[in-house]
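Peer 1: one predicted model, sequence on top.
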Amino acid sequence: MVEASSEGRSDEEFLGRPAEQVGMRRHGLFLVAGLAVADGALQFDDAAGRELPGLVRHALGLPASGRRRLRDRARALAEVPDTGSPRKWRPVEQYPPGFGSLLVRMLALRNLGWSSAAKVMYLMSGVYVSAATIGQVGRGVKELDAELINGFAAVLGVPAAVLVDVTGMHRTVVSREQPAEITETAALLWDVRNLTAAQVRHLSHGADEGPRPGEVRPSGCDKEEKTE
């Protein structure tokens, strides 16, 4: 639950501007500051997380105008599912304190589990790691290096230099700037974090289409399809 600051403003309001200034989402800055993230920000459809690599692949193949239209469509669908519930961390996700766990929890804020995160990281940065490696980073078993920092920066949409400062790796040489298609796709991942699997599939299959006036959400987006 978000608590009020001494000046009468909530932590969310207080940290909103600093988050924008450093290129982070405010919930990510909550994690950096050691503050609890509101339950409403943790309502995810786990099955939707498995659809995200496909959506990223489609988005990266679009021109800039197509990605903008795709984000418009995503934001139109971005309502927390009525059946959603706060994410429950599995025992394997009970990470010890550390910079690696901080970055992996930032992935989790985007509904990215280990496997999906590894696939998305490769698509967006060319950094190839296994799902197990993502887990090892979270548990502090795998040390962070420049390649991993660049990979996380691409997926999170956070400047690599900011992650270097957050993790204290000041001597690490990282990429200075991400291409526009990467930052736009990272923003899309944030836009769709609370969508259902059916909604994400709808966006992926219609990724090259622009929004239509008065567009009606397809029935498949209103009720989640059962997947194993």
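Peer 2: Perfect, I can see it now. Residues are numbered from 1 along each chain as shown.
Peer 1: give me the neighbour count for the residue nearest to Ala187 when sequence neighbours are not counted.
Peer 2: For Ala187, ignoring the flanking residues on the chain, the nearest one in space by Cβ to Cβ, 6 or more residues apart in numbering is Gly157 at 5.8 Å. Where C-beta positions appear, they are placed from N, C-alpha and C, glycine not excepted. Look at Gly157: counted by other Cβ atoms under 10 Å, it has 22 neighbours.
Peer 1: can you check Leu163 too?
Peer 2: Counted with other Cβ under 10 Å, Leu163 comes out at 25.
Peer 1: for it, what are its contacts?
Peer 2: Residues counted as contacts of Leu163 (Cβ atoms under 8 Å, 6 or more residues apart in numbering) are Leu103, Ile149, Phe152, Ala153, Leu156, Val174.
Peer 1: so the first one touches Asn150, yeah?
Peer 2: Yep, that's Leu103 we're talking about. No - taking contacts as Cβ atoms under 8 Å, Leu103 lies outside contact range of Asn150: 12.0 Å.
Peer 1: between those two, which one's more packed in?
Peer 2: Legend: neighbour count by other Cβ under 10 Å for Leu103 and Asn150, higher for Leu103 (28 against 20).
Peer 1: figure out the helix or strand that the more buried one lives in.
Peer 2: Assigned by DSSP states H and E, Leu103 belongs to helix 99-108.
Peer 1: tell me the helices and strands packed up against that helix.
Peer 2: Secondary-structure packing of helix 99-108 (3 or more Cβ pairs under 8 Å, 6 or more residues apart in numbering; DSSP states H and E): helix 26-33, helix 131-139, helix 146-156, helix 160-167.
Peer 1: contacting residues around the longest one?
Peer 2: The list of residues contacting helix 146-156 from outside it, by Cβ under 8 Å, 6+ apart, reads 24, 28, 103, 106-107, 110, 112, 117, 120-121, 124-125, 127, 129, 137, 142, 158-160, 162-164, 167, 169, 172-175, 178, 182, 186, 189.
Peer 1: buried stuff in it?
Peer 2: Buried residues in helix 146-156, counted by 16 or more other Cβ atoms under 10 Å: Glu147, Leu148, Ile149, Asn150, Gly151, Phe152, Ala153, Ala154, Val155, Leu156.
Peer 1: taking helix 131-139 as reference, get the angle to it.
Peer 2: For helix 146-156 against helix 131-139, the angle between stretch directions is 90 degrees (axes from the mean of the first three to the mean of the last three Cα atoms, to 10 degrees).
Peer 1: state the mean pLDDT of helix 146-156.
Peer 2: Mean pLDDT, helix 146-156: 94.
Peer 1: same list, the contacts of Leu163, but as JSON lines with distance to Gly54 please.
Peer 2: Converted to JSON lines, those look like this (distance: Cβ to Cβ, whole Å):
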{"residue": "Leu103", "distance to Gly54": "23"}
{"residue": "Ile149", "distance to Gly54": "26"}
{"residue": "Phe152", "distance to Gly54": "21"}
{"residue": "Ala153", "distance to Gly54": "22"}
{"residue": "Leu156", "distance to Gly54": "19"}
{"residue": "Val174", "distance to Gly54": "28"}
